[in-house]
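Engineer: Just the structure for this:
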Amino acid sequence: MKKSQIKMLSFIKSFRFRAFFIVALLVIVPVLTSSSFIYHMSVDAYIDKKIDRFKVNNTMLKNSIVSEGYLDENNDSQVVETQIAQLSGEYNCRIQIINSQYVVVSDTETGETGKTSISENVIRSIDGENVFIENKDEYYVEFAEPLVIADPTSDNNKNSNIIGAVYIHYSMEDVISYKDTLERYVIIADILLIIFAFVAAWLCSVLFNRPIKKMHQSIRRITLGQTENEKHGKETLEVTEISEEFSRLVEKMKTQDKSRQEFVSNVSHELKTPLTSMKVLAESLIGNQGVPEELYQEFLQDICKEIDRENEIITDLLDLVKMEKTDVEINISSVNINEILETVLKRLKPIAESKNIELVFESFRPVIADVDELKFASVATNLVENAIKYNNTDGTVTVSLNSDHQYFYLKVIDTGIGIAEEDQEHVFERFFRVDKARARQTGGTGLGLAITKDIVLKHHGSIKIHSKEGEGTTFIVRIPLKYIA
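Structural biologist: Predicted coordinates:
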């Protein structure tokens, strides 16, 4: 394919061409439709106006013939003759006046005068019918109307006498001239409007394409790692917002990528550390013969702890993978939230006692709600376990449960180390850990709060954090009492 063809194809596929084509189409189609409609309406109105004028002339002529007694024997009315001559000359029409014996009394084309008319339309009119024929192909109209003398003694002119008929053939050839003239004006107007449409479409395509081109350049600079310092004063609000939003998205992706790299490093260390410890313990047992049974028991217990630690890390990873699925299944049932929290606190009480931390449960009322029992228990466990891990010795963890007519509220309050203000907006991000050194000591992977938030969101709830360094942290969970899928 030639370069010119490739260039043309690229232009046809471009937004500028599509904008040009659409705008031009939106202007040209209504213009041509409207002009065609106006043209036909004008022609029809012109024809209707002429026919209405013909009808008025017919009525005036009929009235004169009857009032002047033109069909009476030996009556040669100059008024009627003059009116016929004027009408014939002005409208280029043929006029015949026929008496009740079908004899042509007057004919502007003198060949028929005195002869018997055998025209079907004349016969129908003498029988009392008003005949009107319009021939649009040959541009003429015909009228055949009865001449009537009313009987003053009868009601509603039922016994009126028909004394003859008037036949008039009007030429409509001037309509052709009118149509030609009008058509020329319409074509000229259409050409001017089409030229205007193309110019307007081109200007619109350039104007529409300019912000997109600017946005493309801005995005390109961002993707190449260049700082977006350009002022957006002359740009549209939408382009500025998109550029800024894309810049924020890139920064967020960089942050997430950095967090993932740290996570991979941390998880690699976390997964290798238990394995290394188990290998050292196992090799110690193998290399020392006749070791006392107490030492065997101690080493095996240490190996079991490392296995549990490894299992915890793997379980968190599997939970994260499951929660990332959009179609993850949650088994909703109506459960007693108080009982779930009591069970969680009972299970975690030994861990709290080992650090001399007091667990307090405040329940303001019984709460029955639609939740996934296992997943909600996981939420409570993660929050309380974190409150214990990152608490001070001899501290307190308070678990509070309350509800209103629509939601129930779970608060987990600790008296621990707290979280810095700049870190609070990141604590629910996956792979984020506030204190990486301490998290490694406590076995944290930075996944617990991310999993917790995902579970809460899948219950159509929300989770918030309030914390101050050195004073403690409060997590507030709000979940609807009734689950709506």
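Engineer: any chance you could map the strands in the stretch 1-150 of the chain?
Structural biologist: For the stretch 1-150 of the chain, the strands defined by DSSP state E, counting those that start in this stretch occupy 93-99, 104-107, 131-135, 140-149.
Engineer: Highest mean neighbour count out of these?
Structural biologist: strand 93-99 (a mean of 22; mean count of other CB atoms under 10 Å). Just so you know, the C-beta spots here come from the backbone N, C-alpha and C atoms, and that holds for glycine as well.
Engineer: Pairing partners for that one, with directions?
Structural biologist: Sheet pairing of strand 93-99 (DSSP bridges) gives strand 104-107 (antiparallel), strand 161-171 (antiparallel).
Engineer: want to throw those into CSV with mean pLDDT and distance to residue 9?
Structural biologist: CSV is the format used below for these (pLDDT from 0 to 100; distance: least, CB to CB, whole Å):
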stretch, mean pLDDT, distance to residue 9
strand 104-107, 86, 73
strand 161-171, 90, 58
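Engineer: dump the residue contacts of the closest residue to residue 388 other than its chain neighbours.
Structural biologist: Spatial nearest neighbour of residue 388, excluding adjacent residues (CB to CB, 6 or more residues apart in numbering): residue 352 at 5.2 Å. Counting by CB atoms under 8 Å, 6 or more residues apart in numbering, residue 352 touches 358-359, 388, 397.
Engineer: Counting neighbours, which of those residues end up buried?
Structural biologist: For the contacts of residue 352, a burial check counting by 16 or more other CB atoms under 10 Å picks out 359, 388, 397.
Engineer: Out of those residues, the closest to residue 115 would be?
Structural biologist: The closest of the buried ones among the contacts of residue 352 to residue 115 turns out to be residue 397 (CB to CB; 125.1 Å).
Engineer: Going by neighbour count, which residues in the helix or strand where that closest one lies are buried?
Structural biologist: Per DSSP states H and E: residue 397 is located in strand 396-403. Residues of strand 396-403 classed as buried: 396-401, 403 (neighbour count, 16+ other CB under 10 Å).
Engineer: now, which of the residues you listed sits nearest residue 107?
Structural biologist: residue 403 (105.5 Å).
Engineer: Contact partners for that closest one?
Structural biologist: Per CB under 8 Å, 6+ apart, neighbours of residue 403: 364-365, 367, 369, 409, 481.
Engineer: do that again at 10 Å, thanks
Structural biologist: Contact partners of residue 403, counting by CB atoms under 10 Å, 6 or more residues apart in numbering, are 337, 364-369, 409-410, 478-479, 481.
Engineer: Which pLDDT value goes with it?
Structural biologist: pLDDT for residue 403: 94.
Engineer: got it, and residue 266?
Structural biologist: pLDDT, residue 266: 64.
Engineer: which residues of the stretch 251-400 of the chain score low on pLDDT?
Structural biologist: 259, 263, 266-267, 269-270, 273, 289-291, 313, 316-317, 319-328 (pLDDT under 70).
Engineer: do that again at 50, thanks
Structural biologist: Along the stretch 251-400 of the chain, segments meeting pLDDT under 50 are nowhere present.
Engineer: Break down it into its helices, ranges please.
Structural biologist: Assignment of helices within the stretch 251-400 of the chain using DSSP state H, counting those that start in this stretch yields the ranges 293-324, 337-354, 373-389.
Engineer: circling back to that earlier point, with the buried residues of strand 396-403 in mind, which one is nearest to residue 45?
Structural biologist: Of all those, residue 45 sits closest to residue 403, with 75.6 Å by CB to CB.
Engineer: Quickly list what the closest one is bridged to.
Structural biologist: residue 408.
Engineer: heads up, I number from 699, so please use that
Structural biologist: All right, first residue 699 from here; so that's residue 1101.
Engineer: Please determine how far it is located from residue 1170.
Structural biologist: Here the criterion is CB to CB, to the nearest Å. By it, residue 1101 lies 24 Å from residue 1170.
Engineer: Same check on residue 950?
Structural biologist: Counting by CB to CB - residue 950 and residue 1170 are separated by 29 Å.
Engineer: of the two, who's got more company?
Structural biologist: Under the criterion of other CB atoms under 10 Å, the comparison of residue 950 against residue 1170 puts residue 1170 first, with 23 against 11.
Engineer: partners of the more buried one in the sheet?
Structural biologist: residue 1166.
Engineer: Mind pulling up the pLDDT for it?
Structural biologist: 92.
Engineer: Am I right that residue 1046 is in contact with residue 1059?
Structural biologist: No. Contact criterion CB atoms under 10 Å: residue 1046 and residue 1059 do not qualify, at 11.3 Å.
Engineer: any common contacting residues for the two?
Structural biologist: Residues touching both residue 1046 and residue 1059 by CB under 10 Å, 6+ apart: 1082, 1095, 1097.
Engineer: nearest to residue 1117, of these?
Structural biologist: residue 1095 (15.4 Å).
Engineer: Pretty sure that closest one sits against residue 1085.
Structural biologist: Yes. With contact defined as CB under 10 Å, residue 1095 counts as touching residue 1085 (4.4 Å).
Engineer: which residues do these two both contact?
Structural biologist: 1046, 1050, 1055, 1057, 1110-1114, 1170.
Engineer: Compare the residues you listed and tell me which has the most neighbours.
Structural biologist: Busiest of those [other CB under 10 Å] is residue 1112, holding 27 neighbours.
Engineer: who are the neighbours in contact with the nearest residue to that one once chain neighbours are set aside?
Structural biologist: Closest residue to residue 1112 apart from its sequence neighbours, by CB to CB, 6+ apart: residue 1085 at 3.7 Å. By CB under 10 Å, 6+ apart, residue 1085 lies in contact with 1046, 1050, 1055, 1057, 1093-1097, 1110-1114, 1170-1173.
Engineer: how much space between residue 1085 and residue 1116?
Structural biologist: Taken as CB to CB, the span from residue 1085 to residue 1116 is 11 Å.
Engineer: Report the set of residues contacting both of these two.
Structural biologist: 1170-1171.
Engineer: For the closest residue to residue 1081 other than its chain neighbours, grab phi and psi.
Structural biologist: The shortest distance from residue 1081 to any non-neighbouring residue, by CB to CB, 6+ apart, is to residue 1110 (4.2 Å). With angles defined as degrees, to the nearest 10, residue 1110 sits at phi -120, psi 110.
Engineer: Pull the contacting residues for residue 1110.
Structural biologist: 1039, 1077-1078, 1080-1085, 1095-1098, 1171-1175.
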